[in-house]
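**Q** Quick one, what's the 3D model for this:
(2 chains)
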Amino acid sequence: MAFWWKKTPKTPGDYIKVLNDQLIKLDSTSTLDNKRKTQDECNKYIEGIRHMLFDGSTSGQDVHLLYVNFFKTECLHNILVHFNQLGFEARKNVAIIFCNGLTKSMDNKFIYVDYLITKTDLIYLLLKTQETALLNRSTASEVYVCLGGIVDECLKFEQLARIILKDPIVWKYFDNCLSVSFEISTQSFQILNSLFLNHKKLVATEYFNIKANMDTFTVKINKLLAHGNYVTKRQAVKLLSTLILSRANNQFMINYINESDNLKLIMVLLSDKSKNLQLESFNVFKVFVANPRKSKQVSDILIKNREKLLKFFEGFGEDNRDSTFLDEKEFIIQQINELPRIVLASKET
Amino acid sequence: MSAIGMIKSCTNQLKSIGENNNPQNHISETKDAVIMGKVPVPAQLTTSPNYMHNPVDFSIFKNKTISTTKNRNQPLPSEIINEIIQNLIENNTDLCNIYRIKECVGKGNFGDVYRASLRTENCTATLNFNNGKTFNKAALTAKTHNYEPESYATQNSLNNTKEYTFESVNETAQKNITVIPKNVDVAIKIVDLEESEDEIELLAQEIYFLGSLKNKHIVSYFQTLLNDVKMWIVMEYCGGGSCADLLKYLPSNLTEEKVSCIIKQTLLGLEYLHAQKKIHRDIKAANILLAEDGTVKLGDFGVSGELMNTIKRRTFVGTPFWMAPEIITCNNRFIDQLEENGNGESGKDSTTDADDKNNLGYNEKADIWSLGITVIELLSKRPPFSEEDPLKILTLIPDREPPVLQDSASMKFSLYAKEFVSLCLRKDPRKRPSASQLLKHKFITKLNKKNNVSLVEEIEYVKKIKQNQAHRKEPKFNLNDKVYKTGKKKGLVTWKFDVDSLKRDRVFAGVSNINSPNDKNNDTAKMRSDSISPYRGEEENKTPRTHEESPASFNAKKYNLQKKGVSSTNPVQMDQEQQPQKKKQEVNYYKDIIECSFKRLNERARYQQTKKVVENLNSCFKSAEHEQPGLSEALIEEIMLCMENI
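**A** Reported below is the predicted structural model:
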């Protein structure tokens, strides 16, 4: 490392500038050798920046200048544009620099978060870069997870979460949950969880207040519940139950539990062979049953399956000793018991 | 239908959606997917014909043995493995067709570890079948022959084919980037997600962490696959076992030179790890693994934690003998927790990392302490205090003076080693040197001057003993236990979702059961009304109201909607939004039908007597409806149903 360290520029501003120049050079280099050389240069400078930020010997002023230049120049934009061309360690370093930068505050303000809010195109670029990373199959999961870490960090800040939430690209995360790659699938869920659970009030008042959003969300989450693999289903039903059981999302809950197709899905999951899936889907099912104002279609299905449900709940969650669960189960059984019985018409005619 | 088949059909669906650029179509299409499969069991997707195009028939390779190549030990780049396996998965291949599971090589709290090998014969076969289709970027060429994909299988010449190379036309790698070694071993950690108490999210975090490490002295992570409810974490296999095996099976102690060689490489791994702001948290001989060529690699990151910036960790994790004092003192609740868990082995993550900036947490220096203990362990076969009870240790370590490397009657140690250990075992973490500093210590530099110390002999020796002893570990979990692939039934219960048939079957066991919405507070009772309206009438509506259409025409409409695959959510949601306007158009069953019918009957009646009976009947109905709102509707519905049946 030492051989190039000496040639490095002195001021943090210069440092970022040199990196930026190299990044731009990536587009213009024609030969493979030159390109690789430029890539190596970029990797080195990024490594250098991270080193300066974290080795403890850099003055506070310089650290500040580094961050300012990292975020507020073309540098961040160029890094994102060329993200796929950076090396493995360089990509990780960018994530570390970015995530740490977000947490930096000055006068009780997250200065870089505040800056990014004014530069929504950077946020879109970030989301877009993550999506396009999937096209390169050999590095897809690695790059996707790396950028996912950055997106997830952004979602910790309400103002950034608001911007991301309102971008239609968010729906892509649902699709990506069905990826065959474990990493891509779980990382997409991680982002969805952060997106919908980190800032409950934001989601309830600015997202689920729109009917179209509720409907699309329902369609998307149902798709995961119906077609996902074991892990996808478990994560999807958990996200759904957390959302539905959260008081803030009352409107969404009502919307969801009035639709009989949703009930059908949840009942299928309730009778899944996996105990974890059963228990987690019970948390949604109970809301359907406990709803005092069930829709006609929903109560029809419950009535139709009254006997089956009663039989099913006899052996449901037997090993579970959790008192809340037992109380809820008892209540649900009672509610099902009170449903009207049906007699086959053929018997009477 | 295997889980992989489901994944496959899902991805196909995903692809087709991805191609659909019109967001409007996109949404309706996915809605259809839910509605069309009336019972949305995943198995309904089995009809997806997409993967039927090129079924990979492995049977032809069954009796073929594949010659091993010279490049046996060459590691397989994870990108290539990923791509091959993704192809196999997309071709609906069972994981057991991708990896051949061999013996169990370890077990732990987190799951059993197996030695396994990639069934490269299947991979290459798949590659050939898919050549030019899914492998757009990588063109596969056989070095000795150049078969056409179709003729390849029939020629049965796998035995002649020595090795394959990928010629990537990808601009980043124009030359041969890899030779896939056959029968290369991998280690697969199998974690039963159904049994694991850890959240999937946490396990995923661990996996991202493993994936973010690429270093010669850290066990490589390849990928994670899902099989039934089990997660297969595919990692590099270290054929030489662990350093703990060396201690256990070697007749004599390890020399200082050998230990220096091990510790040097461990430090290189740690240096990389710490530069990533990560801590291993469980350094000990058993977690220092050896490749067959003697390369030392850090393994078992089951308990590693990420160390972000100045945020220190407050979780209690590790194995007591090797544990740094600050880990023990950082959290006073640990003993309670340990006693609850009832074991002295590695405790579980008990607290999440709190962003405290006081000195309660610990940092990467904890690994340095554990390394010091490991040096003692490697040189004298045991960590200090090893006679003591693991729980008692936890009180001893913070109280006592740091252990030292002591000469005994049989063993004398050099000053270098003693100094190295004492540097690592400083109680104040700030005074402990970093991994990079330790690499410059004379214990590392002097004793290993020429870099010619090799552990291969020891590894071979231990390997032979293990073979002779038929060294085998019994896995904790049965590999063949499956949740989904047993039996034909998809779920535990088959629900009845054909609600239309409800109309035919429905005869309520008593009028009182139909409806009793008099009691305004008793909402559940109200709900039981078998009103035909998709949404119950407003609360103030004593008589359930419904669409202007007759039940029959409404049913017909609904049926048509479902037939067309249009989501039934739409009409319902429209109703909800337009409820205020619709109200006027709703049918009052008593007024509009019963009373109306009686009026007409009345007109049709020829005799006064008949008219009177009709009027009486009408008033009976009127009072009945008043008493039991909704009765008229129910009656009409029943009449309709009877008519349908006739």
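
**Q** Tell me how many other residues crowd residue 99.
**A** As the question left the chain open, I've gone with chain A. 17 (other CB atoms under 10 Å in any protein chain shown). Where you see a C-beta, it was placed from the backbone N, CA and C, and this is true even at glycine.

**Q** Not quite, go with chain B.
**A** Neighbours of residue B:99 using other CB under 10 Å come to 22.

**Q** just residue A:55 next, same as before
**A** 9.

**Q** Over to the one 5 residues further on?
**A** Here the number of neighbours of residue A:60 (other CB under 10 Å) works out to 7.

**Q** For it, give its distance to chain B.
**A** Remark: distance between residue A:60 and chain B (CB to the nearest CB, to the nearest Å) = 14 Å.

**Q** pLDDT score for that residue?
**A** On pLDDT, residue A:60 comes in at 84.

**Q** Can you tell me the closest non-neighbouring residue to residue B:263?
**A** Excluding its sequence neighbours, the residue lying closest to residue B:263 (CB to CB, 6 or more residues apart in numbering or on different chains) is residue B:375, at 6.0 Å.

**Q** And residue B:364, by the same measure?
**A** In this structure, residue B:364 finds its nearest non-sequential neighbour in residue B:274, 4.3 Å apart by CB to CB, 6+ apart.

**Q** these two touch, right, that neighbour and residue B:437?
**A** No. Judged on CB atoms under 8 Å, residue B:274 makes no contact with residue B:437 at a distance of 11.2 Å.

**Q** In terms of neighbours, single out the busier of these two.
**A** Between residue B:274 and residue B:437, counting by other CB under 10 Å, residue B:274 is the more crowded of the two (21 against 13).

**Q** Now for that one: which residues touch it?
**A** By CB atoms under 8 Å, 6 or more residues apart in numbering or on different chains, the residues touching residue B:274 are B:364, B:367, B:434, B:435.

**Q** what's the spacing between stretch A:187-194 and its chain's center?
**A** Chain-centre distance of stretch A:187-194: 2 Å, with CA atoms, centre = their mean, to the nearest Å.

**Q** Quick one: mean pLDDT over it.
**A** Stretch A:187-194 comes out with an average pLDDT of 96.

**Q** export that stretch as CSV, just CAs?
**A** Listed next in CSV are the C-alpha coordinates belonging to stretch A:187-194 (Å, rounded to 0.1, in the frame of the first residue of the first chain):
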residue,chain,number,x,y,z
GLN,A,187,-32.1,-8.6,1.5
SER,A,188,-35.2,-7.5,-0.3
PHE,A,189,-37.3,-8.5,2.7
GLN,A,190,-34.9,-6.6,5.0
ILE,A,191,-35.6,-3.5,3.0
LEU,A,192,-39.3,-4.0,2.9
ASN,A,193,-39.3,-4.5,6.7
SER,A,194,-37.4,-1.3,7.2
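
**Q** Can you tell me what sits against that stretch?
**A** By CB under 8 Å, 6+ apart, the list of residues contacting stretch A:187-194 reads A:144-145, A:148, A:151-152, A:155-156, A:161, A:173-174, A:176-177, A:179, A:232, A:235-236, A:239, B:201, B:204, B:208.

**Q** While we're on the residue nearest to residue B:227 when sequence neighbours are not counted, how confident is the model there?
**A** Of all residues not flanking residue B:227 in the chain, residue B:95 sits nearest, at 4.4 Å (CB to CB, 6+ apart). With respect to pLDDT, residue B:95 has a value of 71.

**Q** Could you pull out the strands in the chain for me?
**A** All of this refers to chain A. Using DSSP state E, the strands of chain A run over A:105-106, A:109-110, A:342-343.

**Q** oops, chain B please
**A** Assigned strands in chain B, in chain order: B:99-108, B:111-118, B:138-142, B:164-168, B:176-179, B:185-192, B:221-227, B:230-236, B:278-279, B:288-290, B:296-298, B:305-306, B:507-508 (criterion: DSSP E).

**Q** about what we covered before: for chain B, find the nearest of the strands of chain A.
**A** strand A:342-343 (4.8 Å; CB to the nearest CB).

**Q** Now do the buried residues in stretch A:308-319.
**A** For stretch A:308-319, burial by neighbour count (16 or more other CB atoms under 10 Å in any protein chain shown) applies to A:308, A:309, A:312, A:313, A:316, A:317.
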